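Visitor: What follows is a predicted structure for the sequence shown.
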Amino acid sequence: MNPVVRGVAVYLFLLVVFRIMGKRSLSESTTFDFVLLLIISEVTQQALVGQDYSLTGAFILITTLISLDLIFSLIKEKFHLFGKIAEGVPLIVVDQGKPLTKRMRKCKVSEEDILEAARFHFGLEKMEQIRYAILEKDGSISIVPEKEKASIK
């Protein structure tokens with residue numbers, strides 16, 4: 001099979017796989033995730049190179065993958081719907097101090113993850129102190145704290 005076709009096929013396959021895995025898997029890597037990534041990279045290398053171990057084949061493959069990434073970047077800029085499908089959109093997982101459990105389950109986010117982000121960024125200790133928690137496209141969690149209630153004097 002042509003190295004360019006193999007490169008495009010593997011790139012698209014991995015794009016779909018990592019999109020299905022979800023945002024949190026990209027943001028929080030564990031030792032197991034690292035080992036899995038190493039194995040995936042080795043298998044991918046074998047699928048891309050096949051029996052062709054020449055430098056020319058490697059250069060063609062690298063150029064194909066970089067070109068494909070640049071083309072997708074341009075498509076995402078021009079067609080925002082494609083960007084939303086390929087990368088996702090930020091998602092509110094806590095609204096006015098109340099966890100949105102269905103969304104959290106779907107995105108594999110726990111209350112502990114949210115409280116950890118709240119402690120780290122603002123020193124907040126309770127869910128009620130969070131106005132919004134947003135799961136960003138990159139898998140990080142942004143916290144919008146509740147405004148302090150104005151004290152009546």
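Guide: Ah, there it is.
Visitor: So what's the gap between the helix or strand encompassing Thr64 and the chain middle?
Guide: If you go by DSSP states H and E, Thr64 is part of helix 55-78. Here helix 55-78 is found 20 Å from its chain centre; the criterion is C-alpha atoms, centre = their mean, to the nearest Å.
Visitor: by contact count, what packs against that helix?
Guide: Counting contacts by 3 or more C-beta pairs under 8 Å, 6 or more residues apart in numbering; DSSP states H and E, helix 55-78 is packed against helix 3-21, helix 31-49, helix 80-87. Bear in mind the C-beta positions are built from the backbone N, C-alpha and C, glycine included.
Visitor: could those helices be laid out in TSV, adding distance to Thr101, mean pLDDT and mean neighbour count?
Guide: TSV is the format used below for these (distance: least, C-beta to C-beta, whole Å; pLDDT from 0 to 100; neighbours: other C-beta atoms under 10 Å):
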stretch	distance to Thr101	mean pLDDT	mean neighbour count
helix 3-21	21	79	14
helix 31-49	25	70	12
helix 80-87	24	84	12
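Visitor: So which of those is nearest Leu115?
Guide: helix 31-49 (22.0 Å; C-beta to C-beta).
Visitor: Give the buried residues for the helix holding Thr64.
Guide: Gly57, Ile60, Leu61, Thr64, Leu65, Leu68, Phe72, Lys76 (16 or more other C-beta atoms under 10 Å).
Visitor: quick one: contacts for the second one?
Guide: It refers to Ile60. Applying C-beta atoms under 8 Å, 6 or more residues apart in numbering, we find Ile60 in contact with Pro3, Val4, Gly7.
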